[in-house]
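Novice: I need the structure of the sequence given here:
(chains A, B, C and D)
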There are 4 protein chains.
Amino acid sequence: MHEAFYRVPPLVIGGRTLRSRLFLGTGRFPSPAVMLQALEASGAEVVTFAVRRVNLDETADDSVLQHLEGRDLIYLPNTSGASSATEAVRIAKLARAAGLGDWVKVEISADPRTLLPDPIETLKATAMLAEAGFTVLPYTSDDPVLCRRLAEAGAAAVMPGGSPIGTGLGILNPYNLRLIAEEANVPVIVDAGLGSAADAAQAIELGASGILVNTPVAKALDPVAMARAMALAVEAGALSRAAGRIPKRLYATASSDPDGVLE
Amino acid sequence: MHEAFYRVPPLVIGGRTLRSRLFLGTGRFPSPAVMLQALEASGAEVVTFAVRRVNLDETADDSVLQHLEGRDLIYLPNTSGASSATEAVRIAKLARAAGLGDWVKVEISADPRTLLPDPIETLKATAMLAEAGFTVLPYTSDDPVLCRRLAEAGAAAVMPGGSPIGTGLGILNPYNLRLIAEEANVPVIVDAGLGSAADAAQAIELGASGILVNTPVAKALDPVAMARAMALAVEAGALSRAAGRIPKRLYATASSDPDGVLE
Amino acid sequence: MHEAFYRVPPLVIGGRTLRSRLFLGTGRFPSPAVMLQALEASGAEVVTFAVRRVNLDETADDSVLQHLEGRDLIYLPNTSGASSATEAVRIAKLARAAGLGDWVKVEISADPRTLLPDPIETLKATAMLAEAGFTVLPYTSDDPVLCRRLAEAGAAAVMPGGSPIGTGLGILNPYNLRLIAEEANVPVIVDAGLGSAADAAQAIELGASGILVNTPVAKALDPVAMARAMALAVEAGALSRAAGRIPKRLYATASSDPDGVLE
Amino acid sequence: MHEAFYRVPPLVIGGRTLRSRLFLGTGRFPSPAVMLQALEASGAEVVTFAVRRVNLDETADDSVLQHLEGRDLIYLPNTSGASSATEAVRIAKLARAAGLGDWVKVEISADPRTLLPDPIETLKATAMLAEAGFTVLPYTSDDPVLCRRLAEAGAAAVMPGGSPIGTGLGILNPYNLRLIAEEANVPVIVDAGLGSAADAAQAIELGASGILVNTPVAKALDPVAMARAMALAVEAGALSRAAGRIPKRLYATASSDPDGVLE
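Specialist: Model prediction:
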């Protein structure tokens, strides 16, 4: 195989080298069976789920977790439903105590209509959880300075949204995502808003190290096919980025030299 | 393998079922060796080249064609350099007489700066060549009515540009491309202007049946890696389209139901 | 008044210097009274209407024309409803014979869903009508080569659509509009698809000499206010273009020098 | 004059009803004379300048302020150069003590390359200055939740950037601006990044109550003409918004009814 395939740098978060750049959410699938098939098709290693939806007393019997057990996965429980840093920290600690590991996605929403993250509480929770030894991945707006502050506060990766959760609007501000990726000294995982494979490829080309998707897979007409499409798109985007695309230019350059041998 | 993978309809042009949706141009590569490696990595079955650059007298010795021989490829010689229908028809007939097959990409440029196609001459040449028994694929603007006229004139597929040749600006008018694909009764192959894997995936998601790329592969820092990225992107786009993406919506829908078991 | 105000070149079409860059369509208004108020607020000098909707036998009694009489206006009857060059020419000649002047907007639609113009028939009609002494303004796609061919065929101005009639989608392909305006040796009037004042300003900044609007004014909640907004926007766009905007750049430049006197 | 002109709600900030929605920065003009002419042409009532560039000991002799005196203007001194809330508060208090009024634009940059605002320090400074009786207008990212937090902290208006200062990239994320404006209970003034009149009109149409511009006017080839263009564009945008634009739709609706009287 051609050397270029090895030039795509591996994705390392919290000291772990991940085999896939695609993180999968487990909510909203038609059934656990479809979720598992989609998980398989996606090749995802990191899976996320809302702690509040999990039966923490008996995780072995939980409707979602029982299906994930025995697979080589990294759990990324999220704090969705929290509306303050204190709540988010409490949820994260409950999850860790229940044996779900020490990775956590901080998700603190400020608005039920958009579910957009609260910058202040998210930064606070990130600092507190990093201090408490968690591998913290905060869901954040695409404010480049906020993303830097999150990394400084100990985030293992930052997760800016492309657009609000579940909208499928894609990356509303490619400029900001590129800037965040350029400046970040932690991996950037685009979380929320992606709708299709093209969005996924674009995120990676702009400099993201990975993406997290849930709704666009779970609610596609065929979730399994979409999971596979997302996996291919992420791979295509990473290779495209590593390959060094042509610069954009305003006017044409002929694919063939203007003077030819005919005539 | 999951049934969805079979729902992507095959691409048939001129009665031939193609195994790849990615067409590759052969110009501007650093060397024939790199071109061949890229061709391999792309999986392309249809290759295009400018007739005027080929030594029609001894195709077996031609610097490009000698490397392609013996492979299972469909030649799509193009008429670039032509500035009228008459010229394009003459070039196509020379190519056929030289044994390059009966597929032809009509390319009649009206402007050396943008190399944009001439709608009137392109339509004329398409009608004349279809009449003469060619399998005609005209490079055209993204004017939806013009694309329909080309199909009516006998085009086996239409090839609207995403943006001017070699610019890497991607798909300037997604609306038009979607409209062309919705209305077309022949395959739509996006030709010209694509820059990266994300552009390729987007083209297919908008409804194109395939894409033709040359400059973005040949002039990438690593043409072979980019060829592979394009191939993956086209596959991702086709699967994403077949999977039935979520609709775009203005506001969030929670990935997890708002009421949960925690607390 | 500042000299710059005089640097905006006047708009001249068919030998007439126009006092406004805003052309107004007269269809779809809630009432003739509102149409007249909007016309007043717009400052438009050129008005368009469908010939087929006009009572050509008694124009003095026509429900639209009777209100326009006595004003200092240029009539731009259009051939909407025509589906071929022959029909369009016939309509134009009927209008001229009925005393509606010798300006004509060629409008030949090929599709009832999009009303997009037919490039081939439009070019034919333009040539025939220019030959017959009309001042011809063809409604066309934004295909840059087609626009050039129309000018060569004798069009007094070209009228590329921003997006399909009545959609309010604005300028779908700013790149093409800029290219058309750069290359045109006749005025470019953006016709169709504009939705708001910002669209109007953008059209002029991209290089259009004027715009034609109908639906966005007639169907606004307050047509008179929108007519005035469009007039201001066109003026703003022309002045902005003449003023020489700053180039776009990727990163900030401080509005104030980084080193200051404080401290 | 038509009633609609009165439906545009007046802009009220800190209890003052403003006569213009256009705020002007005073930096980077070729000369004080050009700055004054542009100020005149803009009709701006609110002017901003960097406190650190002003001679606070003798404001009457200051190179900028001496020209502004005697005019009916509201000073909006800004804290540019500050990199923390403490610094910003100190600068604001110096300005107030020097008689420059009690309005202040909080500007706390975190990055010399982009001059993007620091969300955490900006929120702190806003709360402290509101507490201290200032009329506070913070320059902020377009994070909708942050904008809400700023209003809750006492901001009299919020000033999200369209794109980084001086870039002329316009409004990178129209979705976010619309959301901020929909939810805001204080006026939204777009600050930074606008490049031309069309950008200005778009900002207002998206729901902003006003805009602040400096570089695009001061560095235009003709600053005075651009100042006037911006003023017209803001007026056009406000009127367009009040007029109730047509909804965007995917396909055409004929401006004239499909069945007409001709034939």
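
Novice: residue ranges of the helices in the stretch 101-250 of chain A, please?
Specialist: Assigned by DSSP state H, counting those that start in this stretch, the stretch 101-250 of chain A shows helices spanning A:119-131, A:144-152, A:174-183, A:197-205, A:215-218, A:223-243.

Novice: Point out the most buried one among those.
Specialist: helix A:197-205 (a mean of 31; mean count of other Cβ atoms under 10 Å in any protein chain shown). Every residue, glycine included, has its C-beta placed from N, CA and C.

Novice: That one and chain D in contact?
Specialist: No: applying Cβ under 8 Å from any Cβ of the partner chain, one finds helix A:197-205 separated from chain D by no less than 14.6 Å.

Novice: In CSV, list the helices of the stretch 101-250 of chain A along with distance to chain B and mean pLDDT.
Specialist: As requested, the helices of the stretch 101-250 of chain A are exported to CSV (distance: least, Cβ to the nearest Cβ, whole Å; pLDDT from 0 to 100):
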stretch, distance to chain B, mean pLDDT
helix A:119-131, 16, 97
helix A:144-152, 19, 96
helix A:174-183, 10, 95
helix A:197-205, 4, 97
helix A:215-218, 5, 96
helix A:223-243, 3, 96
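
Novice: dump the residue contacts of A:Pro164.
Specialist: When contacts are counted by Cβ atoms under 8 Å, 6 or more residues apart in numbering or on different chains, A:Pro164 touches A:Thr114, A:Leu115, A:Leu116, A:Ala192, A:Gly193, B:Tyr251, B:Ala252.

Novice: Give me the phi and psi angles of it.
Specialist: Backbone torsions of A:Pro164, given as degrees, to the nearest 10, read phi -60, psi 150.

Novice: tell me the pLDDT at it?
Specialist: The model reports A:Pro164 with a pLDDT of 91.

Novice: again, but for A:Thr114
Specialist: For A:Thr114, pLDDT reads 85.

Novice: Spit out the contact partners of A:Leu68.
Specialist: By Cβ under 8 Å, 6+ apart, A:Leu68 lies in contact with A:Thr26, A:Leu39, A:Val47, A:Tyr75.

Novice: before we move on, the earlier item: and the contacts of A:Pro164, which are buried?
Specialist: Buried members of those, scored by 16 or more other Cβ atoms under 10 Å in any protein chain shown, are A:Thr114, A:Leu115, A:Leu116, A:Ala192, A:Gly193, B:Ala252.

Novice: and A:Thr126, what does it touch?
Specialist: Contacts of A:Thr126 by Cβ under 8 Å, 6+ apart are A:Val106, A:Val136, A:Pro138, A:Leu150, A:Ala153, A:Gly154, A:Ala155.

Novice: That should have said A:Pro223, apologies.
Specialist: Going by Cβ under 8 Å, 6+ apart, A:Pro223 touches A:Phe29, A:Pro30, A:Val34, A:Met35, A:Gln37, A:Ala38, A:Val217, B:Ala243.

Novice: Columns distance to A:Leu11 and secondary structure on top of those, output as JSON lines?
Specialist: Below are those laid out as JSON lines (distance: Cβ to Cβ, whole Å; DSSP: H, G, I helix; E, B strand; the rest coil):
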{"residue": "A:Phe29", "distance to A:Leu11": "25", "secondary structure": "coil"}
{"residue": "A:Pro30", "distance to A:Leu11": "29", "secondary structure": "coil"}
{"residue": "A:Val34", "distance to A:Leu11": "26", "secondary structure": "helix"}
{"residue": "A:Met35", "distance to A:Leu11": "23", "secondary structure": "helix"}
{"residue": "A:Gln37", "distance to A:Leu11": "24", "secondary structure": "helix"}
{"residue": "A:Ala38", "distance to A:Leu11": "20", "secondary structure": "helix"}
{"residue": "A:Val217", "distance to A:Leu11": "19", "secondary structure": "helix"}
{"residue": "B:Ala243", "distance to A:Leu11": "24", "secondary structure": "helix"}
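
Novice: Compare those and tell me which is most surrounded.
Specialist: A:Val217 (32 neighbours; other Cβ atoms under 10 Å in any protein chain shown).

Novice: Toward the C-terminus, what is the element adjacent to the helix or strand of chain A with the lowest mean pLDDT?
Specialist: Least confident helix or strand of chain A, by mean pLDDT, DSSP states H and E, is helix A:65-68 with a mean of 81. Once the chain leaves helix A:65-68, the next helix or strand it forms, by DSSP states H and E, is strand A:74-78.

Novice: quick one: is whichever helix or strand comes after that following strand near chain B?
Specialist: Next in sequence after strand A:74-78, counting helices and strands by DSSP H and E, comes helix A:85-97. Yes: using Cβ under 8 Å from any Cβ, helix A:85-97 reaches chain B at A:Ile91, A:Leu94.

Novice: check contacts around whichever residue of the stretch 51-200 of chain A sits closest to chain C.
Specialist: In the stretch 51-200 of chain A, the residue that lies nearest chain C is A:Tyr175 (8.4 Å; Cβ to the nearest Cβ). By Cβ under 8 Å, 6+ apart, A:Tyr175 lies in contact with D:Ser163, D:Leu169, D:Leu172.

Novice: go on, A:Ala229?
Specialist: By Cβ under 8 Å, 6+ apart, the neighbours of A:Ala229 are A:Ser196, A:Ala197, B:Ala236, B:Gly237, B:Leu239, B:Ser240, B:Ala243.

Novice: for A:Glu87, same thing?
Specialist: Neighbours of A:Glu87 in contact, by Cβ under 8 Å, 6+ apart: A:Thr79, A:Gly81, A:Ile108.

Novice: Thanks a lot, see you next time.
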